[in-house]
Structures are given as structure tokens and as C-alpha cells.
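Visitor: dropping the sequence and predicted coords here.
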Amino acid sequence: MIGAFQIGFLEIRLLDLIDILMVGALIYQLYRLVWGSLAFNIFLGLLIVYLVTIVVRALNMELLSGILGQFINVGVIAVLIVFQPEVRRFLLYIGRSSRFSRESIWNKLSIRKWRLSTEKEIEINAIIKAVDKLSRTNTGALIVIAITSKLQFIANTGVILNARISSTLLESIFYKNNPLHDGAVIIAENKILAAKCILPVSENPDLPSHLGMRHRAAVGITEHSDALSIVVSEERGQISYAYQGQLYLNIDTDLLKETLLKALLEALED
């Protein structure tokens, strides 16, 4: 048979190798999505239950095997429920990577890409300037920057603005006497889309216990989407950001700018 070879009594085809490589790549991407999050611990728990089920069946322990078997039978539904944020992020990743349209091809042209990257840098500079000012004045803030999804559902929980991105506007929104200051600002498609938005709160038990709702909401939105969120602490003015379900505390504006540029420009290249 063409493309096949023997290892002992096993016959391995070229398609088998491709199959193994594809499964390996899929497992690696899933590992990247759940690593360091609450889902990773749940994944390990499910794996242990599955391994125990195999051992119990091998030992013919019928009662325990039956109980664990019922648990395994609903495994797919349980995985979809428990890993809902991770499944959503995985599908977003697949969809973003497989886009094939006139716009995506045009984005890859050097002149177009240069213009878009320049626009993004101007927007990021305005965001960084506002965050720096908010930090120095100990003004609490929560800013969510959409990467590929517009986050329209989240934006609809607040007040729609559709305003041009400017540091002055961002600073004024989070001014303590402004009625829009309580909640998150959504930035999407080169605009301040909405303010006073309600975000999903992370239930990750590994987050430091001293963190308040603002930080947990910042992590929560990145668990449900590919957005990046920025937090300014009201107590100390410390800057943090959350991305892909991970929280990075007490960073400086240089690192924040570098991270934002990297995330947004990677989205342009996909």
C-alpha cells in the first residue's frame, strides 16, 4: 500500500500520521485556552473521573461502574455547559483564523495594513493617555477593548455613545460625578461604543481574594470573549489588564501599550 509502513504488527498510513498531528494541534489549542483558568482544574477533574471509570470497569465493579457510566454518558453536555466560555473563545479563534473575504485579503496588503496599524496606534495612544491620567488621580475605571467581536450585547446593557476615541472623553466618563462612571466603557470598531455597561463577573476562585468587582468583571468579559480589559484601581491608582481569562496586576503604561498593540495588530493579520 502506497504511503504505509510497518512498525511491528502495526501498519501506519500517511493519513494516520496526519490524523495524529491534527488531533495533537487541537489538543494543544484547547490546552492554551484552559491553562491557568478555572476550566483547567475542571478539565483535570473530568479526566480523573474518566480514568477511574476505566479502572472500575476493568475490575468489574458493577455498581460503581454504572454510576460513573451515567456521569460519562452526559459528558458532552456537561462539557458544553461547564466550558461554555472556553468553547466560545475557541470558536471565535477558529472563525477569526478562517475568515476568507475581500476585506480580509485587502487587510493583508501592505499599504492597507500600514494605514490600519497607524490608526490603531493613534487610538491606543489616546487610551493610554487617559489611563495614565486616571491612574495618577486615583480614579477608578474599567475599559473593555473589543478585538474581533463588537460586544454589541454587552454594549446594549449600558448607554450607547458611538463617539470618537479621545483621552478627554474617557477621563470625563469616569469622573466620579458623571452619571456614566459606574460600569464599563466598551471600545469597538474605532469608537467608544458605550458606557455604563454591565459585564459578566468571573467566578475563578484562583483570583486574589482582595480584588473587588471591577477586577472580577474585567476578567469575566475576557472569559466570554476575545476582548482585552483595562482596570484602574480607585484605591491606589494601580493599572491592571485582563486578557484570555488571565489578570495581570500593577503594570505600567508602556507594557499596557505594547500588549494592546500586539493584540490588535495580530487581529489585523488574521
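Guide: The structure has been received and is ready for your questions.
Visitor: alpha carbons only for contacts and neighbour counts from here, please
Guide: Noted.
Visitor: can you give the domain ranges for the chain?
Guide: The chain breaks down by automatic domain parsing into domains covering 4-86, 102-269.
Visitor: I'd like the distance from the last one to the chain centre, please.
Guide: Same thing as domain 102-269. 13 Å (Cα atoms, centre = their mean, to the nearest Å).
Visitor: quick one on the thing from earlier: of the domains of the chain, which stretch is the most buried?
Guide: domain 102-269 (a mean of 18; mean count of other Cα atoms under 10 Å).
Visitor: about what we covered before: would you turn the domains of the chain into JSON lines with mean pLDDT?
Guide: As requested, the domains of the chain are exported to JSON lines (pLDDT from 0 to 100):
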{"stretch": "domain 4-86", "mean pLDDT": "70"}
{"stretch": "domain 102-269", "mean pLDDT": "85"}
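Visitor: separation between the most centrally placed residue in the chain and Ser225?
Guide: Compute the mean C-alpha point of the chain, and by Cα atoms, centre = their mean the closest residue is Gln244, 3.0 Å away. According to Cα to Cα, to the nearest Å, Gln244 and Ser225 sit 8 Å apart.
Visitor: now Ile128
Guide: Taking Cα to Cα, one finds Ile128 at 22 Å from Ser225.
Visitor: equivalent analysis for Val232, please.
Guide: Applying Cα to Cα, the value for Val232 to Ser225 is 21 Å.
Visitor: where along this protein do the strands fall?
Guide: Along the chain, the stretches classed as strands by DSSP state E are 4-7, 10-13, 141-145, 159-164, 184-188, 191-197, 228-232, 239-243, 246-251.
Visitor: so the fourth one versus strand 191-197, what angle?
Guide: Between strand 159-164 and strand 191-197, the angle comes out at 150 degrees (axes from the mean of the first three to the mean of the last three Cα atoms, to 10 degrees).
Visitor: quick one, strand 159-164 and strand 184-188 angle?
Guide: Using the same axes, to 10 degrees: strand 159-164 against strand 184-188 is 40 degrees.
Visitor: summarise which helices and strands strand 159-164 is packed against.
Guide: With contacts defined as 3 or more Cα pairs under 8 Å, 6 or more residues apart in numbering; DSSP states H and E, strand 159-164 has these neighbours: strand 191-197.
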